[in-house]
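**Q** Next come a sequence and a model predicted from it.
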Amino acid sequence: MRTRTKIIIAIVVLVVISQWLAVRLVYAHKLPVNFSYYISKIYNLKAGTVSDQTSAYNISLATYLDHYRSLEHYLADNEDNVDISELAWQRAVKDHWTETLSNNYDLAVTEQEIEEYLEDAVMMDQDPESFAQFSQETYGLSINKFKELIIRPYLVEIRVYQYLLDNYNDKEGIERAQDAYKALEAGRDFVDVAKEFATDATYAENSVWLSDEDLVDFYEPIKELGEGEFSKIVIMPGAYLLWQVDSIVQDLESGTTAREARSIFIQAKGLDQFFQEYLDLADINKTY
């Protein structure tokens with residue numbers, strides 16, 4: 001009985017030591033990336049921590065290695081000598097940052113939205129088998145991994161970015177747009193206001209013709225404008241817009257309407273700028 005007990009204890013000790021050694025080898029970069037990935041999944045290892053003013057977050061090593069393996073596959077030639085390790089780290093941290101904001105502000109992306117985006121915007125007319133082959137050859141990812149690593153973070157980023165703009169986190173950009181709107185309210189010429197406040201005044205200097213079918217998304221406010229009228233500030237991903245309708249032409253036979261419009265385009269702060277501001281304030285500790 002004693003011999004059997006000793007054998008069991010020896011086996012347990014050996015397993016514990018081997019596990020400890022495997023983790024040490026992972027962090028020492030002594031194991032192949034694929035093997036390190038599976039160990040990181042088993043033991044829920046971290047690639048590092050990011051601490052902000054309210055809390056500290058662990059960055060999953062498995063997520064980091066997912067990005068690393070995909071980028072390594074995608075950048076197989078890597079003629080520009082891109083630092084894949086740093087790029088994978090930035091993506092893993094950014095994913096965690098946007099996911100945290102998404103959870104905090106109830107901006108979750110559903111599985112249905114992911115499936116719809118995959119079919120409508122990515123695969124389009126491509127059949128699943130062909131796309132699976134493309135994803136594997138290009139990114140080294142299965143379809144499920146493609147959705148997890150590329151589509152979900154992308155859709156979350158869009159939602160978080162729109163939330164940041166809608167809630168006036170871009171103080172400089174929104175104040176510039178508000179000043180342009182006040183100038184129009186004071187009776188100033190649309191093009192003159194654009195030359196002073198717009199990022200690119202050519203959108204105000206050159207008009208476009210839009211049909212009723214065109215008036216969706218950020219064009220939609222144009223529907224409510226009469227000739228010579230201007231809109232309130234329209235917030236879209238990447239920019240603030242102010243529309244003005246120059247003329248409205250109706251075709252009595254077809255019943256269609258065309259509107260000649262121009263815009264004041266003001267560049268908004270990009271999501272990467274918001275992210276960099278977060279990194280500048282955060283305490284970052286990379287452990288892998």
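**A** Yep, it's here. Residues are numbered from 1 along each chain as shown.

**Q** now residue 146, nearest residue through space, not along the chain?
**A** residue 135 (4.7 Å; Cβ to Cβ, 6 or more residues apart in numbering). For every residue, glycine as well, the C-beta is placed using N, CA and C.

**Q** For that neighbour, grab the count of nearby residues.
**A** Using other Cβ atoms under 10 Å, residue 135 has 21 other residues around it.

**Q** Same check on residue 191?
**A** 15.

**Q** ok, for it, nearest residue in space, not its chain neighbours?
**A** residue 204 is the one closest to residue 191 (Cβ to Cβ, 6+ apart), at 5.0 Å.

**Q** Please, which helix or strand holds the residue nearest to residue 146?
**A** Residue 135 is located in helix 128-139, with elements delineated by DSSP states H and E.

**Q** tell me the contacts of the residue nearest to residue 191?
**A** 190-191, 193-195, 198, 244, 262-265 (Cβ atoms under 8 Å, 6 or more residues apart in numbering).

**Q** which parts of the host helix or strand of it are buried?
**A** For residue 204, the host element (DSSP H and E) is helix 202-205. Under the neighbour-count criterion of 16 or more other Cβ atoms under 10 Å, helix 202-205 has 203-204 buried.

**Q** And the average pLDDT for it is what?
**A** For helix 202-205, the mean pLDDT works out to 96.

**Q** that older thread, from the middle of its chain, how far away would the helix or strand just after the helix holding residue 135 be?
**A** On the C-terminal side of helix 128-139, the closest following helix or strand by DSSP H and E is helix 143-146. With Cα atoms, centre = their mean, to the nearest Å as the basis, helix 143-146 stands 17 Å off its chain's centre.

**Q** hang on, the earlier thing: what does the helix holding residue 135 contact?
**A** Defining contact as Cβ under 8 Å, 6+ apart, one finds that helix 128-139 is touched by 70, 73-74, 122-123, 126, 141-143, 146, 150.

**Q** which among those residues end up buried?
**A** By 16+ other Cβ under 10 Å, the contacts of helix 128-139 give 70, 122-123, 141, 143, 146, 150 as buried.

**Q** Those residues: which two are farthest apart?
**A** 70 and 123 (18.2 Å; Cβ to Cβ).
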